[in-house]
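Enquirer: Quick one, structure for this:
(one chain, ligands or ions: 1)
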Amino acid sequence: ATQTATAADSNCLNSPWGEIQVGKETLTDYVFSDVEDWSDAPSVTCGASGRGYDYGMMRMMIDRCAGALAGHLKMAPGDRIGLILPNLPEFVVLIHGAMKAGLVVTFANPLYTADEVKRQFGDCNVKAIATIEMFMPVAQEVAKSLKDYKGTIWVGGEDDKGQGVYGLRSLLMADHQADLPTVDCEEVCLIPYSSGTTGMPKGVMLTHKNLVSNLKQTQCPKMMKYEGEKGKGDVLLTVPPFFHIYGFNGILNYNLKLGYHVVTMPRFTPDDYIKCLVEYQPTTLFVVPSLLAFLATHPSVKKEHLQWVETIMVGAAPTTDSMLEKFLLKVEKTKDEIKLLQGYGMTESSPVTLMTPYTYPYSKVGSVGQLVPSTQARIVSITTGEMLGPHKSGELWLRGPQVMKGYWKNEKATKETVDSEGWLHTGDVAYYDEEFYFYIVDRTKELIKVKGNQVSPTELENVIMERPEVADVAVVGVPDPLAGEVPKAFVVLKPKQKLTEKDIKDLVAQKLTRYKHLDGGVVFLESIPRNAAGKIMRNELKVLGMKKR
Ligand code: 4UV
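Expert: Below you'll find the predicted structure:
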């Protein structure tokens, strides 16, 4: 109904869904602001162990965690804390407890190697780490490399281990008191890492205002026709990691704000997932495309397992119409019976900028939706730099209150990514149709997406270049039916040097976590195609990579 408002400005496209009131609250206060209405209802449950807390208990633990961090570990407002945690109910206690104490959180994939965590936590000067027993050796090794370190929080630990390792339970039981700071909504509270359009992963500075605005944008009553039936016992089953912006803000905070029962698990296994479907009877699933493919095609997932599902949200990487069709075939439901939502986002935009509204017709299923409220877009020609009209593909630029403050200690990359008028240059190629539905068609940036996870080619190239036999290297993503894309390396050896594909693969496998491994293989070349400026011509390599599989 409001769609004519879209093209309002000849300079850019506006959201057809109008504006939201930009968030002034802190993230934790906003997410838990309605908690009184459902304090006895379950908040987050670990599907593997059954351990969980109701909303009232969760909020009390968050308050006590804030008190312990400020009062006992002596973390000061603005200090960084690093989480090395899988999806557990206690993740919520730590992250919101830290934010309540005015701290800035950065989170790492718990399956990262010590080298990967050291780089990230060192870059933003982390002063405390929270982790579980399984990852304590990595945490301790990383802690040794950090300056002014205040201590490690042992999630799952009853008592303190000594030597600066505090059991979370004992910290919470002690009810440490502290004067907590008044936190301004413009302050940074989260620094997730993203490679952006080029180079190594960089810290993305997100403020309370960024994150709260994005929750308001994605829960806009007009766009989502959200009925206000909050906390009525709806159950969400979700496995995308909370240590990625989609999992943290797009899924966890989004659903906690609505009073949902969030069921998750620290590690995905088909058996555990199916067990949770039967036990918790979720009405909603938030997935990435590879998980949708699992649900749609895995023989052990049966129609009966999914009989309660009413809504399924897919984000973080491209999904296909045929996969959505396969899912509907599996559950033997029509497109009217299951609400399929899709979204497009980026770490740099807290994350959501495009989402399918409740009005979206099934004929547009390949679309990632329309601009969320208070968000503007431009499609900019890659060759001429001019703004393009409907059905023409160009780079997608976005602007809104959810766009990051900048990259941590990296003004150069910030300026290259967010221009002086506030436009975020996404590095994605997209077009829109007459009804202002957007379609993502390609990427100009280097980023590789493996099962929704970011892989920076630069990071792999740096590891491979460490070998003295290597003269030059380039890494690109090649299509993969299950993972979406996988990394593939092109290597030039120095004269008379010998290395095998296995040598290169092993090198990467030693240094980097599993999903970054060279599953696309290794090809040895005489030279890497580069343009006059010395930039790797990645598109040529992608074509070559597909031929040489
Ligand atoms: O920075 P990042 O790892 O961030 C994300 C965030 C994704 C989403 C998606 C929907 C949500 O509702 C939500 O809360 C979070 O993935 O990677 C950003 C890049 O991933 C690709 C694209 O290249 C981005 O620049 N990407 C993300 N979503 C999609 C996508 C999509 N729906 N379709 C195609 N590519």
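
Enquirer: what's across from the residue in the stretch 51-200 of the chain positioned nearest to the ligand in the sheet?
Expert: Nearest residue of the stretch 51-200 of the chain to the ligand: Ser194, at 4.7 Å (C-beta to the nearest ligand atom). No exception for glycine: its C-beta is placed from N, CA and C like everyone else's. Taking DSSP bridges as the rule, Ser194 bridges to Lys202.

Enquirer: now swap in Leu190 and tell me
Expert: Leu190 has the following beta-bridge partners by DSSP bridges: Val105, Leu206.

Enquirer: Give me the neighbour count for it.
Expert: By other C-beta atoms under 10 Å, 26 other residues sit near Leu190.

Enquirer: Likewise for Ser363?
Expert: 10.

Enquirer: ok, it to Glu435 distance?
Expert: Distance, Ser363 to Glu435, by C-beta to C-beta, to the nearest Å: 10 Å.

Enquirer: surely Thr417 meets Gly196?
Expert: Yes: judged on C-beta atoms under 8 Å, Thr417 makes contact with Gly196 at a distance of 5.5 Å.

Enquirer: Among these two, which residue is more densely surrounded?
Expert: Neighbour totals were compared for Thr417 and Gly196, and Gly196 leads with 29 against 25 (other C-beta under 10 Å).

Enquirer: who touches the more buried one in this structure?
Expert: Applying C-beta atoms under 8 Å, 6 or more residues apart in numbering to Gly196 gives the contacts 202, 204, 348, 407, 413, 417, 427, 445, 447.

Enquirer: run the last query once more with 6 Å
Expert: Residues near Gly196 by C-beta atoms under 6 Å, 6 or more residues apart in numbering: 202, 417.

Enquirer: related to what we said a few turns ago, how far away is the residue of the stretch 51-200 of the chain closest to the ligand from Val204?
Expert: Distance, Ser194 to Val204, using C-beta to C-beta: 5 Å.

Enquirer: Tally up the residues packed near the residue nearest to Leu493 when sequence neighbours are not counted, please.
Expert: Counting by C-beta to C-beta, 6 or more residues apart in numbering, Glu469 is the residue found nearest to Leu493 once chain neighbours are left out, at 5.6 Å. Each residue near Glu469 was counted by other C-beta under 10 Å, and the total is 13.

Enquirer: For Glu469, give me the pLDDT.
Expert: For Glu469, the model assigns a pLDDT of 98.

Enquirer: buried set for stretch 308-327?
Expert: When burial is assessed from 16 or more other C-beta atoms under 10 Å, stretch 308-327 yields the following buried residues: 308-309, 312-319, 323-324, 326-327.

Enquirer: Can you check which residues contact both of Ser194 and Val204?
Expert: By C-beta under 6 Å, 6+ apart, the residues touching both Ser194 and Val204 are Thr347.

Enquirer: List the residues that contact Val380.
Expert: If you count contacts by C-beta under 6 Å, 6+ apart, then Val380 has 394-395, 397 around it.

Enquirer: Going along the chain, name the helices of the stretch 151-300 of the chain.
Expert: Here the stretch 151-300 of the chain has its helices, by DSSP state H, counting those that start in this stretch, at 168-174, 208-218, 221-224, 245, 254-257, 270-280, 289-297.

Enquirer: Just put those helices in a markdown table and tack on mean neighbour count.
Expert: Below are the helices of the stretch 151-300 of the chain laid out as a markdown table (neighbours: other C-beta atoms under 10 Å):
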| stretch | mean neighbour count |
| --- | --- |
| helix 168-174 | 18 |
| helix 208-218 | 26 |
| helix 221-224 | 16 |
| helix 245 | 27 |
| helix 254-257 | 22 |
| helix 270-280 | 16 |
| helix 289-297 | 20 |
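
Enquirer: what residue ranges in the stretch 151-300 of the chain score low on pLDDT?
Expert: For the stretch 151-300 of the chain, the stretches with pLDDT under 70 are 226-232.

Enquirer: leaving aside the residues next to it on the chain, what's closest to Glu310?
Expert: Thr283 (4.9 Å).

Enquirer: before we move on, the earlier item: looking at the helices of the stretch 151-300 of the chain, spot the one closest to the ligand.
Expert: The nearest among the helices of the stretch 151-300 of the chain, by C-beta to the nearest ligand atom, is helix 245 at 5.6 Å.

Enquirer: Can you list the helices and strands that the closest one packs against?
Expert: Using 3 or more C-beta pairs under 6 Å, 6 or more residues apart in numbering; DSSP states H and E as the contact criterion, no helix or strand is in contact with helix 245.

Enquirer: which residues make contact with it from outside it?
Expert: With contact meaning C-beta under 6 Å, 6+ apart, helix 245 is reached by 192, 347, 351.

Enquirer: In space, what's closest to the last one - neighbours in sequence excluded?
Expert: Using C-beta to C-beta, 6+ apart and skipping the chain neighbours, the partner closest in space to Pro351 is Gly345 (3.1 Å).

Enquirer: and that neighbour, how many residues sit next to it?
Expert: Neighbours of Gly345 using other C-beta under 10 Å come to 23.

Enquirer: Same check on Glu526?
Expert: Glu526 has 7 nearby residues by other C-beta under 10 Å.

Enquirer: Ok, the one 4 residues further on next?
Expert: If you count neighbours by other C-beta under 10 Å, Arg530 ends up with 13.

Enquirer: and the nearest residue to it once chain neighbours are set aside, backbone torsions?
Expert: Nearest residue to Arg530, sequence neighbours excluded (C-beta to C-beta, 6+ apart): Ile536, at 5.7 Å. Backbone geometry at Ile536, expressed as degrees, to the nearest 10, gives phi -60, psi 130.

Enquirer: how much space is there between Ile536 and the ligand?
Expert: Distance of Ile536 to the ligand, given as C-beta to the nearest ligand atom, to the nearest Å: 18 Å.

Enquirer: The lengthiest helix in the chain - contacts with which helices or strands?
Expert: For the chain, the helix with the greatest residue count under DSSP state H is helix 55-71. Helix 55-71 makes packing contacts with helix 89-100, helix 168-174 when contacts are defined by 3+ C-beta pairs under 6 Å, 6+ apart.
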